[in-house]
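Participant: Give me coordinates for this.
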Amino acid sequence: MTQGKYLLEMREISKSFYHNSVLDRINLRVKSGEIHGLLGKNGAGKTTLANILYGAVAKDSGEILLNGRPVEVNTVGKARSLGIIKIHQELNIFPKLTVAENIFVNAYHGRRLVRCGLIHREAAIEEALKLFAQLHFPLDPREKVENLGVAQQQMVAIARALAANPKILILDEPTAALSEQETEYFLRMLKKIQQTGVTMLFISHRLRELKLIADRVTVIRDGRDVATIPTHALEEERVIKLMVGLETKNRYPNLALPAKKELLRLERLSVGNILRAISFTLHESEILGIAGLAGSGRTTLMKTLFGLLKPTSGRILLRGREIRPKTVRQAIKLGFAYVMEDRLADGLFNNRSVMENISSTNLERITKGKLIDGELEKKIAWGLIRRLHINVRALEQKIQTLSGGNQQKCILAKWLFGDGLVYLLDEPTAGLDMASKVDIYNILNSLICRGAGVIMISSDLSELIGMCHRILVMHNGAITGELRGDEATEEKIIKLASR
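Facilitator: Numbers count the residues shown, from 1 in each chain. The predicted model follows:
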């Protein structure tokens, strides 16, 4: 496919929220027919730039050109009329409607799909089948969307976007909820769509995906475009330095602190047939890693320590005293803090403010009589926000409006609000860019510097090796080995996890 002149130019685009600069005279040029990647850490400004192009956010200054002509994209409707369509991270599909109804929900009057103001089912099914044949989508247009998996729902969202005949298709972190196999299929699908002439803006913080899918990549850092690179020239070390200014060797700021007292001990802890005779110790100022394949029992162990599950046998000792947390409230009072793997479903109150989320774990600390001391709540919340470098516009901002990295930091902030002894972290950096991961690692270091202990589950073996003082490997509900310091390698972990 010939990729010549620039179909899209965004020149000197700036945007601030509450005096906080998000985009600072950023420039973007996209060729006709290319898949153009936008790469940057969480909060770099990628989504804000895309939302300005889509008409969902008003720019403060700058101009947008399509085919060399200035256009004013001040509403979503205007963007759509210009052929600019966006597929959001949240797919915005209707689970109770069929696939065909979802695809043509925006069908306009006058088309044969709409009769008497309603979608004509048989015509919609016929059109959907034609679209699926072109895209090679294995979908039944009669199926209700609620019965589909995440990858198939993603296909529905894309089909709906393509039904509008877009010139520019914006995809914002489209693989975030997909498995590795689903992601590979999805990327191949986008390549087929590219062959139909659609230009795509692909937002991601995953370098590997961009290498597979993009023709060129623009790197964004702190609201500025720092480089546009052909995909064949994407080198990991160079890109990381452009994104965050980090050398690869500084990815894991491991602190080797002196040995401290025993903090937690498990003696032959079992939970039905899921956990079998788990025994280990955790010391003050230690990060203990837990490795293992899916179903190995790692998360069950965390939930048991946090009072969500009841052990069938064995003992848990905290500072030498046996404890039996039967509820989450009891576990929190004992000093346990639990950052769950699914932060959106289990770790946050999505419709509440940043401040309310941060203070939710320790309301007693800010309560006087029967009333919450609002000023004290604000003071403590701002202190934690500054300490953890959380990028927020205001304490009243809804937590769901933050980037993934900032949401993860807010979860840690709410547990720091409670001053825990033992921090249970289940995949604490999953889905985050390198800079946000390093921020999380530094937070962990601050915890162990004050004597707390950390137990961390991670599927990223290099992360476990880089940050943990010891690593326990689990398989089929049992600990199959312990690795310390330099003896911990990915090969050894995989071998122990596969026994």
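
Participant: C-alpha from now on. contacts and neighbour counts both.
Facilitator: Noted.

Participant: Could you pull up phi and psi at residue 495?
Facilitator: Torsion angles at residue 495 (phi, psi; degrees, to the nearest 10) stand at phi -60, psi -40.

Participant: give me the low-pLDDT residue ranges for the stretch 351-499 of the chain?
Facilitator: 431, 499 (pLDDT under 70).

Participant: That one: helices as residue ranges?
Facilitator: 354-359, 374-388, 404-416, 434-449, 461-467, 490-497 (DSSP state H, counting those that start in this stretch).

Participant: of all those, which lies closest to residue 225?
Facilitator: Nearest of those to residue 225, taken as Cα to Cα: helix 434-449 at 16.7 Å.

Participant: Quick check: buried residues in that closest one?
Facilitator: Buried residues in helix 434-449, counted by 16 or more other Cα atoms under 10 Å: 434-445, 447-448.

Participant: Turn the helices of the stretch 351-499 of the chain into TSV, columns for distance to residue 38.
Facilitator: As requested, the helices of the stretch 351-499 of the chain are exported to TSV (distance: least, Cα to Cα, whole Å):
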stretch	distance to residue 38
helix 354-359	27
helix 374-388	26
helix 404-416	16
helix 434-449	15
helix 461-467	25
helix 490-497	31
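
Participant: Out of those, which is closest to residue 164?
Facilitator: Here helix 404-416 is closest among these (Cα to Cα), at 29.7 Å.

Participant: what's the angle between that closest one and helix 434-449?
Facilitator: 10 degrees (axes from the mean of the first three to the mean of the last three Cα atoms, to 10 degrees).

Participant: hmm, back to that, out of the buried residues of helix 434-449, which comes closest to residue 56?
Facilitator: residue 436 (25.9 Å).

Participant: so how far is residue 495 from that closest one?
Facilitator: 30 Å (Cα to Cα, to the nearest Å).

Participant: cool, residue 484 as well?
Facilitator: Taking Cα to Cα, one finds residue 484 at 15 Å from residue 495.

Participant: same thing with residue 333?
Facilitator: 38 Å.

Participant: just residue 181 next, same as before
Facilitator: Distance from residue 181 to residue 495, by Cα to Cα: 23 Å.

Participant: With residue 258 instead?
Facilitator: 30 Å.

Participant: which residues in the stretch 201-350 of the chain form helices?
Facilitator: Under DSSP H, counting those that start in this stretch, the stretch 201-350 of the chain gives helices at 207-213, 236-244, 298-305, 328-334.

Participant: and the second one, what's its mean pLDDT?
Facilitator: For helix 236-244, the mean per-residue pLDDT is 77.

Participant: now stretch 24-35
Facilitator: For stretch 24-35, the mean confidence score works out to 95.

Participant: Return that stretch as PDB; C-alpha atoms alone will do.
Facilitator: Coordinates of each C-alpha in stretch 24-35 appear next as PDB, following Å, rounded to 0.1, in the frame of the first residue of the first chain:
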ATOM      1  CA  ASP A  24       2.400  21.200  25.700                       C
ATOM      2  CA  ARG A  25       2.600  22.200  22.100                       C
ATOM      3  CA  ILE A  26       2.600  18.600  20.900                       C
ATOM      4  CA  ASN A  27       2.800  17.700  17.200                       C
ATOM      5  CA  LEU A  28       1.600  14.600  15.400                       C
ATOM      6  CA  ARG A  29       1.700  13.800  11.700                       C
ATOM      7  CA  VAL A  30       0.000  10.600  10.400                       C
ATOM      8  CA  LYS A  31       0.400   9.300   6.800                       C
ATOM      9  CA  SER A  32      -2.600   8.100   4.800                       C
ATOM     10  CA  GLY A  33      -3.100   4.400   5.200                       C
ATOM     11  CA  GLU A  34      -0.600   3.800   8.000                       C
ATOM     12  CA  ILE A  35      -1.000   2.400  11.400                       C
END
